[in-house]
Structure formats: C-alpha cells, structure tokens
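Enquirer: Below are the sequence and a predicted model for it; my questions follow.
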Amino acid sequence: MNVHTILLVEDNASDVDLTRRALVRNQIDCDLVVASDGQEALDFLFGPEDGAVHEMTRLPALILLDLNLPRVGGLDVLQQIRADPRTRRLPVVVLTSSLEEQDIAACYDRGANSYIRKPVDFVQFAEAIRQLGRYWLGTNQPPSQVR
C-alpha cells in the first residue's frame, strides 16, 4: 500500500505533538513532514530560496496549514501553492485557532479546500484529524499532479 505524505505547517510544538498523537490514535498510516514556518514549507515544496536545484520527487497528498506562522505567513504560503502549476491542485486544509471571518474569507479567496478551527479538547481534535484523514487520504479522488 502506498503511504501518503502529509505536510503539516505548524510552528507550535504542542500542536505538532497533538497531531502526531491523533494520527497514531486513528491509525492513519502516513509520512508526516513538519515545517515549522512558512518558508520551510515553501522550501519543502519548491526548493530552498537560495536558488539551489530542487527536484520535486513526491508531493504531499495533503497540506495542513496554520495561518499564524513566522517568516512567511499561512496566507502567503497558500497563495504561492495555488500560483504554481505543480502544486495548485494539492488539497490544503487550513487548521488554525482563528475564527475571524476575515481569515476564513481570505483563505477561501486564496483557494483553501477547507478551513477548520483547531478544537481545544484532544478527543475532539483527534476526531477532526480522523475525519480529515479518512476523507482526504481515503474517500477523495485527487486529480493527477502536473509535473
């Protein structure tokens, strides 16, 4: 069976740990790649900004993106993902603590596939991760990626 890669773009170590625990708890078999800021996520997807050659060998099946990130914010990361033909079709789920209407609208305007407020309770958080994993890695039929 092909193991999916999930790119988690999250600067809070506790939230990274919660996500790892929720994936294990729900037996979601994936390779979790963590980017601790927006620039690190862009480097993973497109190569380092220093111009070094980067060959995109395997795109993630799903990106879980926080909004409030150091260096490059989540909205800018989302905009760059959607601007590149190699990544524009990747499912991007914004997983953040904000319930601000302007944040929700801005994410959808930039092409987010879904916007989920992080539940504070671990059981609820684990259930949200279970549903995300089941849908995006199982039920959803993604298009072929442009290379």
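Expert: Everything's here; your move.
Enquirer: Cross-check the contact I'm expecting between residue 80 and residue 42.
Expert: Yes - using CB atoms under 8 Å, residue 80 is in contact with residue 42, at 6.0 Å. In this view, the C-beta of every residue, glycine as well, is placed from N, C-alpha and C.
Enquirer: Which one of those two is surrounded by more residues?
Expert: Counted by other CB atoms under 10 Å, residue 80 and residue 42 do not tie: residue 42 has more neighbours, with 22 against 17.
Enquirer: thought the more buried one was touching residue 83?
Expert: No - counting by CB under 8 Å, residue 42 does not reach residue 83; the two are 11.2 Å apart.
Enquirer: Low-confidence stretches in the chain?
Expert: By pLDDT under 70, the low-scoring segments of the chain are 1-2, 49-57, 145-147.
Enquirer: What segments of it are helices?
Expert: Under the criterion DSSP state H, helices of the chain are mapped to 13-25, 38-46, 74-83, 101-109, 122-134.
Enquirer: Dump these to TSV, plus distance to residue 94.
Expert: Below are the helices of the chain laid out as TSV (distance: least, CB to CB, whole Å):
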stretch	distance to residue 94
helix 13-25	13
helix 38-46	13
helix 74-83	7
helix 101-109	5
helix 122-134	11
